[in-house]
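*Asks:* Let me see the structure of the following:
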Amino acid sequence: MTQVVQSAPRRQPSALFDYAYVGKLRTSQERQDGSGDPDYLDKIADLAASEDWDGMDSRYPDEKRILRNYVEHTFARIKQQDKITVSEDADYSAFNVGLATTRQESIYGLFRRNTGERQPWRLQSWLVESDRLLLDKFPALPDFATYTENPADYIFDWRRELKVNIRHIVEDNLTRFPKELQDAPYTLELLLNGAVEVAKKRVRHNYKTAVPFWYPQHQQVQLLLPLALREPTKVDLALVVSRRGEHYRGDTVLTTGMAYNNARLLARPDGDWLHPATSPDENPTTGE
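*Replies:* Just a heads-up that it's a prediction; the model follows:
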């Protein structure tokens, strides 16, 4: 029987693909077969320190969707902050990817002028900071993307009130909850309310429990709190928390796969609960 490979979800227009031609992308079938020439995702994954860019979702083998989301959104932020550096001869441009090798050398994307094509640039290679071509063309290497000027935005202040519209979150995101709980919305509201209280206690005991992430639509750093609905040691969902004046507001819930995908834009999460997707129910697609 021929196995059908499910295509990745349709993506929004990418600032990276508008800026540069990055080469041919391997198809889902090629990734499953282990065939095709390495594309820009394979090459940067080989250069960077080892990291799980897929999770264990068998529907998308070796898609590196977490890495693609990271590179595209990082580039969009870099472009927004005008941190793409152009060489003096205007033949090259470069940006800081924000990733590093196992030797902690920063990685940069190097572009070459793409004359006569739709995109003004062509991705030439991924290079480390000590590469001679980079040093020759750019006396000052491009800076990292930044997301806030206030370090306090990365930490949950347990002294501030957290307001959560439990009913609204359940009604708007029912399909994200465990399937066995979806048929009893009122019971689910009670469970969610209790899980929020436990999450508040958990973050007070360990501030690293609250994981920061960048939300491009709101241009804001928000926080993720773990919600354990069925077992105290198993996190089912992540609560999205945003600062609203002197209090926090619980805006929505994400699957842990979606939450990890979003959090990875700022840094590799080192908490004890947030990990790449481990099943098809934890599809790491950026969510709202």
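
*Asks:* Could you point out which residue ranges in the stretch 1-150 of the chain have low pLDDT?
*Replies:* 1-13, 56-58, 60 (pLDDT under 70).

*Asks:* which residues of it fall in helices?
*Replies:* If DSSP state H, counting those that start in this stretch is used as the criterion, the helices of the stretch 1-150 of the chain fall at 15-19, 28-33, 40-47, 65-80, 132-137.

*Asks:* What residues of the shortest one count as buried?
*Replies:* If I follow you right, that is helix 15-19. The neighbour-count check on helix 15-19 (16 or more other Cβ atoms under 10 Å) flags A15, L16, Y19 as buried. No exception for glycine: its C-beta is placed from N, CA and C like everyone else's.

*Asks:* chain center to that helix: distance?
*Replies:* 18 Å (Cα atoms, centre = their mean, to the nearest Å).

*Asks:* and if you look at the second one?
*Replies:* Averaging C-alpha positions (Cα atoms, centre = their mean) puts helix 28-33 23 Å from its chain's average.

*Asks:* May I see the buried residues of it?
*Replies:* Quick answer for helix 28-33 (16+ other Cβ under 10 Å): S28, R31, Q32.

*Asks:* Please apply the same query to the last one.
*Replies:* Judged by neighbour count (16+ other Cβ under 10 Å), helix 132-137 contains these buried residues: L134, K137.

*Asks:* Looking at the helices of the stretch 1-150 of the chain, spot the one closest to A210.
*Replies:* Nearest of those to A210, taken as Cβ to Cβ: helix 65-80 at 20.6 Å.

*Asks:* In the closest one, which of the residues would be classed as buried?
*Replies:* Neighbour-count burial for helix 65-80, counted by 16+ other Cβ under 10 Å, picks out 65-79.

*Asks:* between the residues you listed, which is nearest P38?
*Replies:* Of all those, P38 sits closest to L67, with 13.0 Å by Cβ to Cβ.

*Asks:* That closest one is in contact with D52, isn't it?
*Replies:* No: judged on Cβ atoms under 8 Å, L67 makes no contact with D52 at a distance of 9.8 Å.

*Asks:* mind listing the strands for the chain?
*Replies:* In the chain, the strands defined using DSSP state E lie at 20-21, 85-86, 92-100, 106-113, 121-128, 162-164, 211-215, 220-227, 237-244, 247-255.

*Asks:* Strand partners (parallel or antiparallel) of the third one?
*Replies:* Yep, that's strand 92-100 we're talking about. strand 85-86 (antiparallel), strand 106-113 (antiparallel) (DSSP bridges).

*Asks:* Need the CA coordinates for stretch 255-262. CSV is fine.
*Replies:* Provided in CSV are the C-alpha atoms of stretch 255-262 (Å, rounded to 0.1, in the frame of the first residue of the first chain):
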residue,chain,number,x,y,z
THR,A,255,-1.2,22.9,22.0
THR,A,256,2.3,22.3,23.3
GLY,A,257,3.5,21.8,19.8
MET,A,258,2.2,25.2,18.7
ALA,A,259,3.6,26.7,21.9
TYR,A,260,7.1,25.3,21.4
ASN,A,261,7.1,26.5,17.8
ASN,A,262,6.3,30.1,18.9
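
*Asks:* quick check: mean pLDDT across it?
*Replies:* Stretch 255-262 shows an average pLDDT of 91 in the prediction.

*Asks:* tell me how far it is from the chain's mean position?
*Replies:* Relative to its chain's centre, stretch 255-262 lies at 8 Å (Cα atoms, centre = their mean).

*Asks:* And that stretch, what's buried?
*Replies:* Within stretch 255-262, judged by 16+ other Cβ under 10 Å, the buried ones are T255, T256, G257, M258, A259, Y260, N261, N262.

*Asks:* so the fifth one sits right up against L274, yeah?
*Replies:* Which is A259. Yes: between A259 and L274 there is a contact at 6.0 Å, judged by Cβ under 8 Å.

*Asks:* hey, what's in contact with both of the two?
*Replies:* V211, L224, A238 (Cβ atoms under 8 Å, 6 or more residues apart in numbering).

*Asks:* Pick out whichever of those residues sits closest to E171.
*Replies:* Among the shared contacts of A259 and L274, A238 lies closest to E171 (Cβ to Cβ), at 18.2 Å.

*Asks:* quick one: the closest one from D89, how far?
*Replies:* The gap separating A238 from D89 is 47 Å, by Cβ to Cβ, to the nearest Å.

*Asks:* Between those two, point out the one with more neighbours.
*Replies:* Using other Cβ atoms under 10 Å, the more surrounded residue of A238 and D89 is A238, with 29 against 8.
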